[in-house]
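1. Need a 3D model of the following:
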Amino acid sequence: MRINNGHNTCDIYILGTAHVSEESIREVEEAIKEIDPDLIAVELDSERFLALVNGEEDKDLKSINILEVLKSGDIGLFLLHTVLAGFQREIGERFNVKPGSEMKRAIELAKLYKKPLYLIDRPVDVTLRRALNSMPLKEKLKLLLNLFDEGEEIAKLDRKTIREMVDNAQELVEILKHLSPTLYKVFVDERDRYMAKNIFDTSIGREKILVVVGAGHVKGIVDYLKKLERGEVKI
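-> Down below sits the predicted model:
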């Protein structure tokens, strides 16, 4: 899409990926080669970026002291982080692709081709805390039960199913919205808005930007970019 940020026009190419897909890695490689962007933006915050580049994706979970978690009162945060990370890790192990491999490849190619790299996502701890603090107890219990039930279905996934999930990412977003309106707002809508603002701001002085994000964020980011361009929202 092409936007006018008030200073210049910029072509923004948004690539929606699956975080545990070999095909997404290839798509990142092809997009960078074909588009030759001025800047590459990725759906990462500084903490996840460092974990990826240092090969320590599971560091946080392995180093957590359970007693300290209990003392701090952050057991809900710990459980949610563990369950969500576990889902991605289990799918990744099944297909021999580490979660976030397509983001790591984007980072590597940005360095190789000497392209500026921009981390556009909100810190994960902020997102998790906002989710837990915003959710009523009933919704938290419903969510955890559904998450554990879904975990049993992960082993049945095949490559075709993963591809279909990416192609129908918006349907998955709508399912999440129905399952937990609060989680949808915090994990999807708020982050779409946050990332769109970062993309919009960094487009100043740029001609072409490649944005690599999970497929479920594409529509929301595009919608917010259009609103920012029209001056309909201030973030």
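2. And the next helix or strand past the longest strand along the chain?
-> Secondary structure of the chain per DSSP state E: the longest strand is strand 9-17. Downstream of strand 9-17, the next assigned helix or strand under DSSP states H and E is helix 22-35.
3. What is that following helix packed up against?
-> strand 9-17, helix 101-112, strand 208-214 (3 or more C-beta pairs under 8 Å, 6 or more residues apart in numbering; DSSP states H and E). Just so you know, the C-beta spots here come from the backbone N, C-alpha and C atoms, and that holds for glycine as well.
4. Rebuild these as CSV, extending it with mean pLDDT, mean neighbour count and distance to Glu29.
-> What follows is the helices and strands packed on helix 22-35, written out as CSV (pLDDT from 0 to 100; neighbours: other C-beta atoms under 10 Å; distance: least, C-beta to C-beta, whole Å):
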stretch, mean pLDDT, mean neighbour count, distance to Glu29
strand 9-17, 96, 20, 11
helix 101-112, 94, 20, 6
strand 208-214, 96, 23, 11
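5. now these as TSV including distance to Val124?
-> Below are the helices and strands packed on helix 22-35 laid out as TSV (distance: least, C-beta to C-beta, whole Å):
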stretch	distance to Val124
strand 9-17	18
helix 101-112	13
strand 208-214	13
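6. Those: which one's closest to Tyr184?
-> The minimum distance between Tyr184 and the helices and strands packed on helix 22-35 falls on strand 208-214, with 13.9 Å, by C-beta to C-beta.
7. Report the strands that pair with the closest one, each with its relative direction.
-> The pairing partners recorded for strand 208-214 under DSSP bridges are strand 9-17 (parallel), strand 39-42 (parallel).
8. contacts for the first one?
-> Outside strand 9-17, the residues that touch it by C-beta atoms under 8 Å, 6 or more residues apart in numbering are 1-3, 24, 27-28, 31, 35, 37, 102, 166, 169, 199, 203-204, 206-218, 221-222, 225.
9. next one: the last one
-> The contact list for strand 39-42 (C-beta under 8 Å, 6+ apart) reads 32, 49, 103, 106-107, 109-110, 115-121, 198-199, 202, 206, 209-213.
10. ok, 7 Å please
-> 32, 103, 106-107, 110, 115-120, 199, 202, 206, 209-212 (C-beta atoms under 7 Å, 6 or more residues apart in numbering).
11. Skipping its backbone neighbours, what lies nearest Gly220 in space?
-> Asp192 (3.1 Å; C-beta to C-beta, 6 or more residues apart in numbering).
12. no wait, Pro116
-> Setting aside the residues directly before and after it, Pro116 is nearest to Leu39 in space (C-beta to C-beta, 6+ apart), at 4.5 Å.
13. ok, what's across the strand from that neighbour?
-> Assigned bridge partners for Leu39, using DSSP bridges, are Ile209.
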